[in-house]
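In: take a look and give me a structure for this.
(2 chains)
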Amino acid sequence: MKRPGNNNYNNMINKVLTFLLVLISAQTFARVGTNSDYWILSQNEYNARVSKGKDVTLRRYIVIPDHDKKYKDILETTDEKSLLAKFSFMLKRNKSALIEKYILSCDNLSDIHHLINGLYCISKKQYSRTIDHLEKFENEEYAFLKSLLIADCKYELLRDKKNYQLIIGEYQTAMDNADNEQKKSIINNRIKYIKYH
Amino acid sequence: MNNFTKSIFLLAGLTLIVSCTSTKKIQKSMNSKSYSMAYIMDSKISDTKSSIAVGVDTIVFNSNTIGDTTSIKKEKGWFLPLVFVYIWNSQNKCIQGKSMIEEDIPTFMKSSLISEINRSGNLNVDTLNNSEYKIELSIDEIKTEGPYISSGFFYFALYVYGYSYSDKAGPAISNLRVSYKIKKNDQVVHSNSFNSERFTEQINKRYTNTNILQQDYAISMVEAASFNFKNVIELIVKDLNTFFNKQG
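Out: Numbering: from 1, shown residues only, chains lettered A, B, ... in the order given. Below is the predicted model of the structure:
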């Protein structure tokens, strides 16, 4: 015969486990794959954070124009914007199996794949490889994102992070590519982050 | 005095020694590292450049304007020894010195001004010393200072004791005043002076290690000084643009 207390105890354990699971999941969402040094967000999500008054200086955000939650059809997708939106969402949710499958099977000749591969390499903390991919990426629409990611990678490759003045010109290039106030504030927040870390 | 009372007083004394941050300790920590004033320019890039070139000639900088090292001056402090509770509070003023800043100040001013003229100026920088126009700058005031407060308490009652202490820093205020002259063939044809003031931002972080708080405070002070340089330099270049536009 079961004691009534046992059910309460099990319920409590379940609730605690669920809470912990939600807590752990919440931590992994928004990171770039397994790389917790950077967080990937869509432009709307970033704007929402700013308008809610949440601090955006304590983390380094990679802001992508859009996310697409319907990522499962990525292998059949050809539109460049949709590919980036789906892939960045997969990185955000760390859908590692599909990410690996896509990277192995994707058409690397397409221009957007240099950016996608760059983001993938950031998720693996392979910063030199990210730069290699991004330097091949020629698309004016993403000039800001490209220069920001290159600056971030060059910062990561510094032996002594205190010598960030050596790569500040890279962030200057990103600033010069910023065509709105939000992008300018992302650069200013990066510099603030770097100065305080 | 029995052993128990002795231990309590010993414990209280040790707590006070360990927790109350001395001015010398703060000063040592704030002088231990220097930080860069490097900043990102965000002014509008000039799309037209006239044929006028100016040489950035002299930067007058009286080194007494800013101390060699960062200093901490005790402003007021009190210690309240009640029977079972000890409370203390110490208010200090932190004054930025050159040691906190990585760059040589006049060299930084000159290179930053040249970069800004190249970016947003409608004129060029004369690097060959051929131009009839020269700019002479003077850093008249550079000052950054702000509060640093240490406070805490210790209590005990028979076998129970507890303590708490915290340090708070800032916001500091940073001021920069720069005057400049344009000389044409050694004759002053224009002069102006610009000020900039900036408060350091509150750092929204909880500190368990006071050394990190002191370092972050130092960084924020250098950041404020850097902002002032950026602001004043942009104002000088706008003024240069206006002056040379009038010259035709």
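
In: ok, B:L82 - how many residues close by?
Out: B:L82 has 9 neighbouring residues, counting by other Cβ atoms under 10 Å in any protein chain shown. Where you see a C-beta, it was placed from the backbone N, CA and C, and this is true even at glycine.

In: what's residue 137 sitting at in phi/psi?
Out: Answering for chain A, as no chain was given. According to degrees, to the nearest 10, the main-chain angles of A:F137 amount to phi -90, psi 120.

In: wrong one, chain B
Out: phi -110, psi 150.

In: now A:R159
Out: Dihedral angles (degrees, to the nearest 10) for A:R159: phi -70, psi -40.

In: extract the CA atoms of stretch B:217-225 and return them as PDB.
Out: Output of stretch B:217-225 as PDB, limited to C-alpha atoms (Å, rounded to 0.1, in the frame of the first residue of the first chain):
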ATOM      1  CA  TYR B 217      35.800  52.100 -11.000                       C
ATOM      2  CA  ALA B 218      39.200  52.900 -12.500                       C
ATOM      3  CA  ILE B 219      38.100  51.700 -16.000                       C
ATOM      4  CA  SER B 220      34.900  53.800 -15.700                       C
ATOM      5  CA  MET B 221      37.000  56.900 -14.800                       C
ATOM      6  CA  VAL B 222      39.200  56.300 -17.900                       C
ATOM      7  CA  GLU B 223      36.100  55.700 -20.000                       C
ATOM      8  CA  ALA B 224      34.700  59.000 -18.900                       C
ATOM      9  CA  ALA B 225      37.900  60.800 -19.700                       C
END
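
In: now the spatially most central residue of chain A: how far from A:Y120?
Out: Residue closest to the average C-alpha location in chain A (Cα atoms, centre = their mean): A:I40, at 2.6 Å. A:I40 sits 12 Å away from A:Y120, going by Cβ to Cβ, to the nearest Å.

In: give the intersection of the neighbour lists for those two.
Out: Common neighbours of A:I40 and A:Y120, using Cβ atoms under 8 Å, 6 or more residues apart in numbering or on different chains, are A:L91.

In: what helix or strand is the residue nearest to the centre of chain A on?
Out: strand A:35-42 (DSSP states H and E).

In: repeat that for B:E116.
Out: Per DSSP H and E: helix B:105-120 holds B:E116.

In: contacting residues around A:S147?
Out: Counted by Cβ under 8 Å, 6+ apart, A:S147 has contacts A:E170, A:T173, A:A174, A:N177.

In: could you report the pLDDT at the residue nearest to it when sequence neighbours are not counted?
Out: With Cβ to Cβ, 6 or more residues apart in numbering or on different chains as the measure, A:A174 is the residue that lies nearest to A:S147, at 4.1 Å, once sequence neighbours are left out. According to the prediction, A:A174 has pLDDT 97.

In: can you count the residues close to A:A174?
Out: 25.

In: next SSE downstream of the helix or strand hosting it?
Out: Using DSSP H and E, A:A174 falls within helix A:168-177. Where DSSP H and E defines the elements, the next helix or strand beyond helix A:168-177 is helix A:181-196.

In: and that next one, is it in reach of chain B?
Out: Yes - with Cβ under 8 Å from any Cβ of the partner chain as the criterion, chain B is reached by helix A:181-196 at A:K184, A:I187, A:N188, A:I191, A:K192, A:K195, A:Y196.

In: quick one: which of those residues is nearest A:C106?
Out: A:I187 (29.9 Å; Cβ to Cβ).

In: ok, the closest one to B:E75 distance?
Out: 38 Å.

In: higher neighbour count, those two?
Out: Ranked by neighbour count (other Cβ under 10 Å), A:I187 and B:E75 place A:I187 first, with 23 against 12.

In: the closest residue to B:L235 other than its chain neighbours pairs with what?
Out: Using Cβ to Cβ, 6+ apart and skipping the chain neighbours, the partner closest in space to B:L235 is B:F194 (4.5 Å). Residues in a beta bridge with B:F194, per DSSP bridges, are B:V178.

In: give me every residue that touches B:F194.
Out: B:R177, B:V178, B:S179, B:V232, B:L235, B:I236, B:D239.

In: now with 10 Å, please.
Out: Each residue near B:F194 by Cβ atoms under 10 Å, 6 or more residues apart in numbering or on different chains is listed here: B:176-180, B:228, B:231-236, B:238-239.

In: those residues in strands, which ones?
Out: Using DSSP state E, the members of those that fall in strands are B:L176, B:R177, B:V178, B:S179, B:Y180.

In: now neighbour count and pLDDT too, for those residues, in JSON lines please.
Out: Listed next are the ones in strands among the contacts of B:F194 as JSON lines, based on neighbours: other Cβ atoms under 10 Å in any protein chain shown; pLDDT from 0 to 100:
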{"residue": "B:L176", "neighbour count": "26", "pLDDT": "98"}
{"residue": "B:R177", "neighbour count": "18", "pLDDT": "97"}
{"residue": "B:V178", "neighbour count": "26", "pLDDT": "97"}
{"residue": "B:S179", "neighbour count": "17", "pLDDT": "97"}
{"residue": "B:Y180", "neighbour count": "21", "pLDDT": "96"}
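
In: now, which of the contacts of B:F194 sits nearest A:Y102?
Out: Using Cβ to Cβ, these come closest to A:Y102 at B:E234, 46.1 Å.

In: measure B:N62 to B:I105 for me?
Out: 11 Å.

In: neighbour count winner among these two?
Out: Taking other Cβ under 10 Å, B:N62 and B:I105 do not tie; B:I105 has more neighbours (19 against 11).

In: before we move on, the earlier item: if we only consider the contacts of A:S147, which is nearest to B:V188?
Out: Among the contacts of A:S147, and counting by Cβ to Cβ, the member closest to B:V188 is A:T173, at 38.0 Å.

In: ok, and the closest non-adjacent residue to that closest one?
Out: A:S147 (4.7 Å).

In: element containing that neighbour?
Out: Going by DSSP H and E, A:S147 is part of helix A:143-156.

In: just B:Q91 next, same as before
Out: Here B:Q91 is assigned to strand B:85-95, by DSSP H and E.

In: buried set for that strand?
Out: B:Y86, B:W88, B:S90, B:N92, B:C94, B:I95 (16 or more other Cβ atoms under 10 Å in any protein chain shown).

In: strands of the chain, start to end?
Out: I went with chain A, as the question did not name one. Using DSSP E, strands in chain A cover A:31-32, A:35-42, A:60-64.

In: that's the other chain; I wanted chain B
Out: Under DSSP E, chain B gives strands at B:53-61, B:71-81, B:85-95, B:124-125, B:133-157, B:160-169, B:173-184, B:187-199.

In: give the contact list for the spatially most central residue of chain B.
Out: Nearest to the mean C-alpha position of chain B, by Cα atoms, centre = their mean, lies B:M221 at 3.4 Å. Neighbour list for B:M221: B:30, B:35, B:70, B:94-96, B:100-101, B:144-146, B:169-174, B:198, B:200 [criterion: Cβ under 10 Å, 6+ apart].
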